[in-house]
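S.K.: need a structure here:
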Amino acid sequence: MFRDLELRLLPSLATQPDALRDAAARAAGVSPSRVRGVTALRRSLDARPRSPVYQLRVRVWIDEEPRAPELLELALRDVRSAPPVVVVGAGPAGLFAALRLIEGGLRPIVLERGKDVRGRRIDVARLSRDGIVNPESNYCYGEGGAGTFSDGKLYTRSTKRGDVERILQILVRHGAPADILVDAHPHIGTNRLPRVVDAIRRTIVECGGEVRFGARVDGLVREAGAVRGVVLADGERVVAGSVILATGHSARDVYAMLDESGIRLEPKAFAFGVRVEHPQALVDSIQYRCERRPAELPPASYSLLRRVDGRGVYSFCMCPGGVICPATTSQDEVVVNGWSPSRRNSRWANSGIVVETTIEDARRLCGDGVLAGARLQASIEQRAAEAGGGLAVAPAQRLMDFVDARASTDLPSCSYPPGIRAAELGDVLPGFAAHALRDGLRLFGERMRGFLTNDAVVVGVETRTSAPARIPRDASTGMHPEVRGLFPCGEGAGAAGGIVSAAMDGERAAAAVLGVPYARGAEAVSARKA
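M.R.: Numbering: from 1, shown residues only. Here you go, the predicted model:
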């Protein structure tokens with residue numbers, strides 16, 4: 001038999017199998033000799049007490065050998081001769097939409113403007129090493145989407161949008177570590193995620209789907225008021241019954257194409273700011289209240305939020321043991337992001353520190369129109385490029401110097417590969433944003449003693465936190481409310497934020513194409529098409 005129990009253990013005990021078994025036996029009220037195994041079902045670290053503890057949900061196997069949990073079996077089908085559906089974008093929304101279409105008996109044609117993960121890795125390396133941007137293959141564009149080479153964090157609060165467990169199980173089926181099914185804040189790592197993405201593509205192709213790279217969509221095929229396909233950059237028309245649009249939040253040319261085609265968009269608020277990097281040892285000492293992090297504890301992270309003049313200022317995409325990376329998509333702009341390898345073993349910790357901006361802010365600074373937010377993003381990124389001096393070099397300032405609006409005479413070492421250059425970031429950011437960030441950072445320093453230090457560096461700019469526009473869709477059909485056959489989804493539609501929520505939204509879009517509500521699940525989709 002087995003029993004499921006909740007345990008709170010010091011890390012030194014939670015990470016030792018014999019100590020974990022003894023603690024589980026005590027909690028179950030049995031002799032340790034009767035415990036044949038302990039399986040972790042959920043694991044999170046609570047760093048709030050003086051001594052951090054692991055909160056564990058475990059399955060204790062008593063007088064019985066442990067059984068491995070069964071992974072989800074996808075109801076995949078051979079769709080070689082099935083009706084086609086165009087899926088624009090091979091990020092998590094597009095890839096998971098393709099898998100769900102296959103389960104439902106339709107043939108996905110996935111069109112990706114960038115390269116596959118192997119070719120993309122070369123372009124990302126060249127960008128990091130030489131500052132040379134391939135505008136079609138970079139940290140934002142290419143197989144797997146923006147998350148593939150910027151961390152692979154899987155934590156989401158979007159549980160109402162779909163089945164998080166299903167998404168995680170599909171990732172494990174394709175090579176992700178099984179720990180993501182257990183950890184409260186699961187993480188694959190940039191070094192592992194490309195292999196998972198490659199495996200998902202192979203599944204799609206083996207079932208008869210198609211994945212094409214270097215296939216940028218520049219237009220839509222419209223017949224009788226409905227979208228029936230797309231037009232590629234070389235003029236080729238790819239026609240199908242429906243189009244799932246999953247292009248990600250950085251494809252500003254797609255927003256422009258839709259706007260010029262008379263397809264209604266909506267302005268959307270977003271956030272932007274900077275990326276702040278500390279020595280990881282400093283963050284460890286603050287969060288764990290120790291001089292040196294014990295080996296059984298992971299590199300420490302933080303999550304910060306304050307309000308300044310009615311605006312939220314908050315940490316975003318915190319990367320313990322991570323690296324700042326160039327997320328630019330054009331040579332005349334500088335954009336930064338962050339990622340961590342699976343072991344999170346860099347000597348730095350970095351996080352976006354961003355401020356909420358409104359639709360009115362964008363219009364005030366960049367004029368009217370639905371794309372004012374996109375123009376605001378671009379203008380900040382271009383000022384950052386000018387301040388950096390070219391070839392993806394980023395403007396930077398010591399943290400206390402930025403907070404005090406004081407020029408930095410020199411800069412600390414930094415993980416950002418193309419290099420940093422001392423500049424006044426208050427001249428790069430709009431005035432309201434610089435003011436809010438400075439006040440927010442002061443408040444963060446009151447919460448985390450030691451956070452405000454000139455050993456930390458502020459690197460600009462972090463502008464691609466979410467989409468600057470929304471592509472509307474009907475709540476009942478999943479289609480654009482005025483254009484039949486067009487199913488927007490994922491981060492580019494303004495409907496998701498992160499790998500898991502984008503994947504769930506891609507599945508919802510595919511279910512909408514199939515005419516089956518997402519909540520009914522894959523089994524219902526398969527049954528309808530059988």
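S.K.: residues contacting residue 106?
M.R.: Under the criterion of CB atoms under 8 Å, 6 or more residues apart in numbering, the contact partners of residue 106 comprise 79, 82, 83, 84, 85, 513, 514, 529. Every residue, glycine included, has its C-beta placed from N, CA and C.
S.K.: What lies in contact with the helix or strand encompassing residue 20?
M.R.: Residue 20 is part of helix 17-28 when elements are defined by DSSP states H and E. Among residues not part of helix 17-28, those counted as contacts by CB under 8 Å, 6+ apart are 3, 5, 7, 9, 12-14, 31-32, 34-35, 38, 58, 60, 62.
S.K.: got the CA coordinates for stretch 23-33 in PDB?
M.R.: The C-alpha atoms that make up stretch 23-33 are tabulated as PDB, following Å, rounded to 0.1, in the frame of the first residue of the first chain:
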ATOM      1  CA  ALA A  23      11.200  11.100   8.100                       C
ATOM      2  CA  ALA A  24       8.500   9.600   5.900                       C
ATOM      3  CA  ALA A  25       8.300   6.500   8.100                       C
ATOM      4  CA  ARG A  26       7.800   8.600  11.300                       C
ATOM      5  CA  ALA A  27       5.100  10.700   9.600                       C
ATOM      6  CA  ALA A  28       3.300   7.500   8.400                       C
ATOM      7  CA  GLY A  29       3.700   5.900  11.900                       C
ATOM      8  CA  VAL A  30       5.500   2.800  10.700                       C
ATOM      9  CA  SER A  31       8.900   1.300  11.100                       C
ATOM     10  CA  PRO A  32      11.500   2.500   8.500                       C
ATOM     11  CA  SER A  33      12.100  -1.200   7.600                       C
END
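S.K.: What segments of the stretch 1-150 of the chain are strands?
M.R.: 2-9, 35-46, 53-62, 84-88, 107-112 (DSSP state E, counting those that start in this stretch).
S.K.: For the last one, which strands pair with it and how are they oriented?
M.R.: Put plainly, it is strand 107-112. Taking DSSP bridges as the criterion, strand 107-112 sits next to strand 84-88 (parallel), strand 210-213 (parallel) in its sheet.
S.K.: Go ahead and name everything in contact with it.
M.R.: Outside of strand 107-112, the residues within contact range by CB under 8 Å, 6+ apart are 79-90, 94-95, 97-98, 101-102, 142-143, 204, 208-215, 217, 230, 232, 238, 240.
S.K.: Stretch 165-179 now?
M.R.: Outside of stretch 165-179, the residues that reach it under the criterion CB under 8 Å, 6+ apart are 71-72, 74, 96, 99, 154, 180-181, 186, 188, 192-193, 195-196, 199-200, 203, 342, 500, 503-504, 507, 522.
S.K.: coming back round to it: weed out the non-buried ones from the contacts of strand 107-112.
M.R.: A residue is treated as buried here by neighbour count (16 or more other CB atoms under 10 Å); on that basis the buried members of the contacts of strand 107-112 are 79, 82, 84-90, 94-95, 97-98, 101-102, 142-143, 204, 208-211, 213-215, 217, 230, 232, 238, 240.
S.K.: so of those residues, which ones are in helices?
M.R.: Using DSSP state H, the members of the buried ones among the contacts of strand 107-112 that fall within helices are 94, 95, 97, 98, 101, 102, 204.
S.K.: Skipping adjacent residues, who's closest to the fourth one in space?
M.R.: Distances taken as CB to CB, 6 or more residues apart in numbering place residue 108 nearest to residue 98, at 3.8 Å, with adjacent residues excluded.
S.K.: which residues touch residue 274?
M.R.: With contacts defined as CB under 8 Å, 6+ apart, residue 274 is in contact with 336, 352-354, 402, 425, 429, 437, 458-462.
S.K.: Tell me the one of the residues you listed nearest residue 67?
M.R.: Top of the list for closeness to residue 67, among the contacts of residue 274 and by CB to CB, is residue 352 at 42.0 Å.
S.K.: thinking again about what came up before, of the strands of the stretch 1-150 of the chain, which is nearest residue 225?
M.R.: Taking CB to CB as the measure, the strands of the stretch 1-150 of the chain were each checked against residue 225, and strand 84-88 came out nearest at 17.5 Å.
S.K.: now the closest one, how far from the centre of its chain.
M.R.: 23 Å (CA atoms, centre = their mean, to the nearest Å).
S.K.: for stretch 5-13, same thing?
M.R.: For stretch 5-13, the separation from the chain centroid amounts to 30 Å (computed by CA atoms, centre = their mean).
S.K.: May I see the ones in helices among the buried ones among the contacts of strand 107-112 organised as CSV, with pLDDT added?
M.R.: Listed next are those as CSV, based on pLDDT from 0 to 100:
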residue, pLDDT
94, 98
95, 98
97, 98
98, 98
101, 98
102, 98
204, 98
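S.K.: my guess is residue 255 contacts residue 469, does it?
M.R.: Yes. Using CB atoms under 8 Å as the test, residue 255 is close enough to residue 469 to be in contact (5.2 Å).
S.K.: which residues are in contact with both of the two?
M.R.: Listed contacts common to residue 255 and residue 469 are 265, 370, 371, 374; contacts here mean CB under 8 Å, 6+ apart.
S.K.: which of those has the most neighbours?
M.R.: Using other CB atoms under 10 Å as the neighbour test, the shared contacts of residue 255 and residue 469 are led by residue 374, with 25 neighbours.
S.K.: What separation do you get for the residue nearest the centre of the chain and residue 373?
M.R.: Computing the C-alpha centroid of the chain and ranking residues by CA atoms, centre = their mean puts residue 498 first, at 3.3 Å. When CB to CB, to the nearest Å is the yardstick, residue 498 and residue 373 sit 19 Å from each other.
S.K.: ok so residue 396 is a strand residue?
M.R.: Yes. The assignment for residue 396 (DSSP: H, G, I helix; E, B strand; the rest coil) places it in a strand.
S.K.: Who are the contact partners of it?
M.R.: Taking CB under 8 Å, 6+ apart as the definition, contacts of residue 396 comprise 408, 411, 414, 416, 420-423, 425, 457-460.
S.K.: okay, now the domains of this protein?
M.R.: The chain is divided into the following domains under automatic domain parsing: 2-62, 84-266+471-529, 269-462.
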